[in-house]
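**Student:** Dropping a prediction and its sequence here:
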Amino acid sequence: MFPKIKKRYILPAMLTGFLFIGVSFKQDFFEIAKQIEIFTNVYKTVNQNYVDDLNPAELMDKAIKSMLVEVDPYTNFFNEQDVIKFKINNTGEYTGIGAMITRKEDKLIIREPYKGFPADKAGLKAGDEIIQIGDVLIADFKDDASQLMKGAKNTKIDLKYLRQGKAMTAQLILDEVEIKAVPFFGKIDEKTGYIVLSQFNKKASYETKEALEKLKNDGCTQIVLDLRGNPGGLLNEAVNICNLFVPKGEIIVTTKSKNEKYNNTYKTTREPIDTEIPIAIIVDGKSASASEIVSGALQDLDRAVIIGSRSFGKGLVQRPFDMTYGTQVKVTISKYYTPSGRCIQALDYAKKDKNGKAIRTDEKNYTAFKTKNGRTVFDGGGILPDVVMEESKTSTIAEALEKNDAIFNYVTNYYYKNPTLGDKIPTITDADLTDFKNFIKKEKININTDTEIALKAMLEKAKKDNVDSAIASEYQQLLTAVQKSEETMIDKNAKEIKNLILDEIIKRYQYKEGLYHYYIKNNAEVKKSVTLLNDKSAFSKILQ
């Protein structure tokens, strides 16, 4: 059950028809009406009297979104443009350039062009910095600039971009883009199939079923299902994927809410494809939500062995509600529980620390549950694998390096220094790691670990208090020490960081498909999965 949400955060949202959260409307009619009137008057007064022109829609958009930050990260308001993107995420289809893009300052950065789609056909590469779309300079366009690259099929779009500092141009022709839920499947060996499930859009169960049937027809008698990095998606697709492996009528997940109409039990409704084929599921700290339903349910039902590192721990269920003028609000309506009865939500958003961050459930407060065969499993912190692999965990320094694009930018530089590498798989040596560290220093990339961020925040506070000059010397010494420790952390986690660099290099030359081909023969988690599947005694012992 969700804790009662403070009224001061919820009541202004009544303007959007958000009456389904909080206390009963009838019970608190006066307080609700009062807060609506206050909010309306403030909003109207500011818009009418502020010294400069305001954008009423933008002001309201920010007000609602800022309010919902206090609830949890998954309860969101979507304006008309947001709704379009939300639907793309759920369907996996849109018309555009076919590339993952992020904004950084006054540029749009191509993170990953999808093979065979418009951006790829036009020759755009990861690391390219788009500075102009048509006549629009990105620096002058403060809204979501990626919307400038969407439109009707066959629309021509002219781009200006920077590649390694050199100005270049390209013309793209928009086309239909389909983001596959199963971007890759294949045979690891004669009897082991490998399926990568990257998201739970509306085609997830269909594509997984298709891959499973093809692999079985090719002689596969055991399956590795890779859910690493899968952030989740549609709940019903998670149930349908479990249904491929368990009988009709099996409970997969239960949702519980303070609102009784959202209390549901989801069971399998179809005849399965194969209830006997051995399954190893790989998860990591980025496997969340629907990924945890699949891995948690099949673990609870003793249907699969879970391998890797503890999953993210998102046991919250959202539902979109259509609002006026084409807007939507996506609301956390319930928590989900696996067949054994455990909720694996890791963060308690009703309890915040002094920095305003949700508190993680303490391991000593986890509750034990039993799987179908009587094995002990726990709630409170994501899905803990049956076989935990330390190399699956992401270190804090690796997280910081990825977050601040240190590895991405280094590999961009590497790519143009080694244009003829092609399908060759390089070996990342200690010399390469040294080169990486030198690159970070040369490019003045801030790694920004939590410690470094806290230290910089302290300096900003000191500046406001006019004492920064008094501590300048000590601050610089501390910053130098922190940055030196970060370099030590890179050395300590050298193997992990080398693997991350290699993964990014392979994607640059061979796309994601090449990376999965590499994983089949070389990835530690995949190799461990195959070893375990081949050892029938060890596999059965875990499940019993």
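**Tutor:** Arrived safely, thanks for sending. Numbering: from 1, shown residues only.

**Student:** Can you list the buried residues in the helix or strand harbouring Met67?
**Tutor:** For Met67, the element it lies in under DSSP states H and E is helix 56-69. Neighbour counts over helix 56-69 (16 or more other CB atoms under 10 Å) mark Met60, Asp61, Ala63, Ile64, Met67, Leu68 as buried. For glycine as for every other residue, the C-beta is placed from the backbone atoms N, C-alpha and C.

**Student:** What's the first helix or strand after that helix?
**Tutor:** Immediately after helix 56-69, counting by DSSP H and E, sits strand 76-78.

**Student:** what's that next one in contact with?
**Tutor:** Outside strand 76-78, the residues that touch it by CB atoms under 8 Å, 6 or more residues apart in numbering are Thr16, Asp61, Ile64, Lys65, Leu68, Asp82, Phe86, Pro320, Thr327, Gln328, Val329, Lys330.

**Student:** Could you pull out the strands in the stretch 51-200 of the chain for me?
**Tutor:** Using DSSP state E, counting those that start in this stretch, the strands found in the stretch 51-200 of the chain span residues 76-78, 93-96, 99-104, 107-113, 129-133, 136-137, 156-163, 166-173, 175-178, 184-187, 192-196.

**Student:** Tell me which of these sits nearest to Leu459.
**Tutor:** The closest of the strands of the stretch 51-200 of the chain to Leu459 is strand 99-104. By CB to CB, the value is 23.3 Å.

**Student:** could you give the angle of the closest one to strand 166-173?
**Tutor:** With axes from the mean of the first three to the mean of the last three CA atoms, to 10 degrees as the basis, strand 99-104 and strand 166-173 are set at 140 degrees to each other.

**Student:** Buried ones in strand 99-104, by neighbour count?
**Tutor:** In strand 99-104, counting by 16+ other CB under 10 Å, buried: Ala99, Ile101.

**Student:** mean confidence score for that strand?
**Tutor:** For strand 99-104, the mean pLDDT works out to 92.

**Student:** What of stretch 505-518?
**Tutor:** Averaging pLDDT along stretch 505-518 gives 97.

**Student:** Which residue ranges of the stretch 201-350 of the chain form strands?
**Tutor:** Ranges of strands in the stretch 201-350 of the chain, per DSSP E, counting those that start in this stretch, are 222-226, 251-256, 264-267, 279-283, 305-308, 316-322, 328-337, 347-352.

**Student:** Kindly reformat those as JSON lines containing mean pLDDT.
**Tutor:** Conversion of the strands of the stretch 201-350 of the chain to JSON lines gives the following (pLDDT from 0 to 100):
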{"stretch": "strand 222-226", "mean pLDDT": "98"}
{"stretch": "strand 251-256", "mean pLDDT": "96"}
{"stretch": "strand 264-267", "mean pLDDT": "97"}
{"stretch": "strand 279-283", "mean pLDDT": "98"}
{"stretch": "strand 305-308", "mean pLDDT": "98"}
{"stretch": "strand 316-322", "mean pLDDT": "87"}
{"stretch": "strand 328-337", "mean pLDDT": "90"}
{"stretch": "strand 347-352", "mean pLDDT": "84"}
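
**Student:** Mind putting these into CSV with mean neighbour count?
**Tutor:** Shown next, in CSV, are the strands of the stretch 201-350 of the chain (neighbours: other CB atoms under 10 Å):
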stretch, mean neighbour count
strand 222-226, 26
strand 251-256, 21
strand 264-267, 16
strand 279-283, 27
strand 305-308, 26
strand 316-322, 17
strand 328-337, 21
strand 347-352, 16
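
**Student:** For Leu137, find the nearest of those strands.
**Tutor:** Evaluated over the strands of the stretch 201-350 of the chain, closeness to Leu137 peaks at strand 328-337, with 30.7 Å, by CB to CB.

**Student:** picking up where we left off before, what's the closest of the strands of the stretch 201-350 of the chain to Lys441?
**Tutor:** Of all those, strand 305-308 comes closest under CB to CB, at 33.4 Å.

**Student:** distance between the closest one and the chain's centre?
**Tutor:** In terms of CA atoms, centre = their mean, to the nearest Å, the centre of strand 305-308 is set 20 Å apart from its chain centre.

**Student:** wait, isn't Glu213 in contact with Ile273?
**Tutor:** Yes - using CB atoms under 8 Å, Glu213 is in contact with Ile273, at 6.6 Å.

**Student:** just for the protein, where's the confidence low?
**Tutor:** Applying pLDDT under 70 to the chain picks out residues 1-28, 81, 84-94.

**Student:** make it 50
**Tutor:** Counting by pLDDT under 50, the chain shows low-confidence ranges at 1-23, 25.

**Student:** In this protein, which residue is most central in space?
**Tutor:** Closest residue to the average C-alpha location of the chain: Pro231 at 4.5 Å, with CA atoms, centre = their mean.

**Student:** Count the neighbours of the closest residue to it other than its chain neighbours for me.
**Tutor:** Distances taken as CB to CB, 6 or more residues apart in numbering place Ala288 nearest to Pro231, at 5.1 Å, with adjacent residues excluded. For Ala288, the count of nearby residues is 25 (other CB atoms under 10 Å).

**Student:** Contact partners for Ala288?
**Tutor:** Contacts for Ala288 (CB under 8 Å, 6+ apart) come out as Asn230, Pro231, Gly232, Ser311, Phe312, Gly313, Lys314.

**Student:** can you rerun that using 7 Å?
**Tutor:** Contact analysis of Ala288 by CB atoms under 7 Å, 6 or more residues apart in numbering lists Pro231, Gly232, Ser311, Phe312, Lys314.

**Student:** show me what contacts the residue lying closest to Glu176 once chain neighbours are set aside?
**Tutor:** Using CB to CB, 6+ apart and skipping residues adjacent in sequence, the residue nearest Glu176 is Thr95, 5.5 Å away. Taking CB under 7 Å, 6+ apart, we find Thr95 in contact with Lys150, Gly151, Ala152, Lys153, Leu174, Asp175, Glu176, Val177.

**Student:** hang on, the earlier thing: going by contacts, tell me the helices and strands next to the helix holding Met67.
**Tutor:** On a contact count with 3 or more CB pairs under 7 Å, 6 or more residues apart in numbering; DSSP states H and E, helix 56-69 meets strand 76-78.

**Student:** just to revisit the earlier point, for the buried residues of helix 56-69, which one is nearest Tyr114?
**Tutor:** Asp61 (29.9 Å).

**Student:** Confirm for me that that closest one is in contact with Glu80.
**Tutor:** No - counting by CB atoms under 7 Å, Asp61 sits too far from Glu80 to count as a contact (10.1 Å).

**Student:** Starting from Asp226, give me the distance back to Gly313.
**Tutor:** From Gly313 over to Asp226 the distance is 19 Å, taken as CB to CB, to the nearest Å.

**Student:** now Glu237
**Tutor:** Separation of Glu237 from Asp226 (CB to CB) stands at 16 Å.

**Student:** swap in Val239?
**Tutor:** Distance of Val239 to Asp226, computed by CB to CB: 20 Å.

**Student:** what about the residue nearest to Ile445 when sequence neighbours are not counted, distance to Asn446?
**Tutor:** Once flanking residues are discounted, Ile445 sits nearest to Ala406: 5.0 Å by CB to CB, 6+ apart. Between Ala406 and Asn446 the computed distance is 9 Å (CB to CB).

**Student:** who's more crowded, those two?
**Tutor:** Ranked by neighbour count (other CB under 10 Å), Ala406 and Asn446 place Ala406 first, with 26 against 14.

**Student:** Could you pull up the residues touching Ile252?
**Tutor:** Neighbouring residues of Ile252 by CB under 7 Å, 6+ apart: Val239, Cys242, Tyr266, Lys267, Thr268, Ile293, Ala297, Pro339.

**Student:** ok, of those residues, which one's closest to Lys441?
**Tutor:** Checking the contacts of Ile252 against Lys441 by CB to CB gives Ile293 as the nearest, at 44.0 Å.
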